[in-house]
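Novice: Whatever this is, show me its structure:
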Amino acid sequence: MVGGRFTRAAVHDLTAANRVIKAAKAARPLPLVFRALRGDLRLRLFFYATSVKLGMPTAHTGVAVFASPATGAPGHLRPDTQLTLSAYASHRQRRVTHFSFAAKVYAMLEGLRMAFELASTQAHVFAVDAHALASIDVYTDNLSL
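Specialist: Below is the predicted model of the structure:
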């Protein structure tokens, strides 16, 4: 909601977003815990891109990469899965995209680049084989991707 009103947000948009955040915190308190990243990991990439609108050819991108234990089926994310935030970025896209689908594809490619860099770094630091990269699962709200 906030991403869609990024260029023309008003105070009532911010108060609505704060109400949603407050309700989410009240529904399930989530402590901020940093766990050690050891063993087999799976990287979880979440991304979004706002729609391209008439008169505003640039979209806004958000990317978050989480590390989790490599247990469970690929792609399947259970509600109790422990996720450790490894990287986050939120900014206006660096390229002009004329369609919303193109903006989402560009956001996905940017997120994958970030996830591959993290997987490569993790392999060099923790793994015996520097070419054994962690698996990467990609999640988005766009079903056509």
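Novice: Could I get the buried residue list for the helix or strand harbouring His12?
Specialist: Element membership of His12 [criterion: DSSP states H and E] is helix 11-27. Residues of helix 11-27 classed as buried by neighbour count (16 or more other Cβ atoms under 10 Å): none. Backbone N, C-alpha and C define where each C-beta goes, glycine included.
Novice: Which helix or strand lies directly C-terminal to the helix or strand of the chain with the lowest mean pLDDT?
Specialist: One helix or strand of the chain scores below all others by mean pLDDT, DSSP states H and E: helix 11-27, with a mean of 79. Once helix 11-27 ends, the next helix or strand along the chain (criterion: DSSP H and E) is strand 41-49.
Novice: next helix or strand past that next one?
Specialist: strand 60-69.
Novice: partner strands of whichever helix or strand comes after that next one, parallel or antiparallel?
Specialist: On the C-terminal side of strand 60-69, the closest following helix or strand by DSSP H and E is strand 84-92. Its sheet considered, strand 84-92 pairs with strand 60-69 (antiparallel) by DSSP bridges.
Novice: In contact with Thr140, which residues are there?
Specialist: Phe46, Phe47, Tyr48, Lys104, Met108 (Cβ atoms under 8 Å, 6 or more residues apart in numbering).
Novice: need the longest helix for the protein.
Specialist: helix 100-126 (DSSP state H).
Novice: Return stretch 135-145 as PDB; C-alpha atoms alone will do.
Specialist: The C-alpha trace of stretch 135-145 is given here as PDB (Å, rounded to 0.1, in the frame of the first residue of the first chain):
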ATOM      1  CA  SER A 135      20.000 -23.300  -2.800                       C
ATOM      2  CA  ILE A 136      18.000 -20.200  -3.500                       C
ATOM      3  CA  ASP A 137      14.200 -20.100  -3.300                       C
ATOM      4  CA  VAL A 138      12.400 -17.000  -4.800                       C
ATOM      5  CA  TYR A 139       9.100 -15.700  -3.500                       C
ATOM      6  CA  THR A 140       6.900 -12.900  -5.000                       C
ATOM      7  CA  ASP A 141       3.400 -11.700  -5.000                       C
ATOM      8  CA  ASN A 142       3.200 -11.900  -8.900                       C
ATOM      9  CA  LEU A 143       1.800 -15.200 -10.000                       C
ATOM     10  CA  SER A 144       2.800 -14.700 -13.600                       C
ATOM     11  CA  LEU A 145       6.400 -14.800 -12.600                       C
END
